[in-house]
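Chemist: how would this look folded up:
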Amino acid sequence: MMKNYFIRLFNYDAHANRQMNGLIAQFGGLEKSRGWMAHLLAAQQIWLLRCKNLPAPGVPLWPDNSTEEMTGFITANHADWLSYLETLQPQNFDRVITYKTLKGDGFENTLSDILAHVINHGTHHRAQIGQHLKQAGATLPANDYILYVRDLEKTTS
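Modeler: The predicted structure is shown next:
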């Protein structure tokens, strides 16, 4: 149950990231929006490594990626997260993950809390991006999770 729930959330996350990255590319010159998206994607990579108990990469938390590079990262992150989620058993979601922040501070959280954080972190930054794009004159797509689920149910019924 939890596995399917988080798979659905990560599928939505990739969908919403593709939409927003496409708008960033379309409008160009919106460095704040590009920076937030690059950060969101870098953080996803870092959190996945923490969940796997692997050392953090030498990736900066606020990289300077192009929208083309981010398109690749969205696809890769999505595939990597789904691959990881597929390996999990029900009891794994309560497992405590011990990790260090990039500053070196140690923490422990359950895997399910970390997964929820990764999704919420993406939602937070997409909202920032959306406001920035709206100020630049963009018409934002309706990308609420519930709308995504409704569309998904239409295509599978």
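
Chemist: from here on, contacts and neighbour counts on C-alpha atoms
Modeler: Noted.

Chemist: With just CA atoms, put stretch 138-153 into CSV.
Modeler: What follows is stretch 138-153 as a C-alpha-only set of coordinates in CSV (Å, rounded to 0.1, in the frame of the first residue of the first chain):
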residue,chain,number,x,y,z
ALA,A,138,3.1,32.9,-17.8
THR,A,139,-0.2,31.1,-17.8
LEU,A,140,0.4,28.3,-15.3
PRO,A,141,-0.9,24.8,-16.0
ALA,A,142,-3.3,23.3,-13.5
ASN,A,143,-0.9,20.8,-11.9
ASP,A,144,-2.5,20.1,-8.5
TYR,A,145,-2.1,16.5,-7.4
ILE,A,146,-5.8,15.8,-7.3
LEU,A,147,-6.1,16.9,-11.0
TYR,A,148,-3.2,14.6,-11.9
VAL,A,149,-5.0,11.7,-10.1
ARG,A,150,-8.3,12.4,-11.8
ASP,A,151,-6.6,12.4,-15.2
LEU,A,152,-4.8,9.2,-14.4
GLU,A,153,-8.1,7.5,-13.4
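
Chemist: Report the separation between Gly29 and His15.
Modeler: In this view, Gly29 and His15 are 23 Å apart by CA to CA, to the nearest Å.

Chemist: Neighbour count: those two, which is higher?
Modeler: Remark: of Gly29 and His15, His15 carries more neighbours, 17 against 10, as counted by other CA atoms under 10 Å.

Chemist: doesn't that one fall inside a helix?
Modeler: Yes: counting by DSSP: H, G, I helix; E, B strand; the rest coil, His15 is part of a helix.

Chemist: Test for you: state the pLDDT assigned to the residue most central in space within the chain.
Modeler: Centroid-nearest residue in the chain, with CA atoms, centre = their mean: Gly122, separated by 4.7 Å. pLDDT for Gly122: 98.

Chemist: Please name the residues that touch it.
Modeler: Going by CA atoms under 8 Å, 6 or more residues apart in numbering, Gly122 touches Asp13, Leu40.

Chemist: That's all I had, so thanks and see you.
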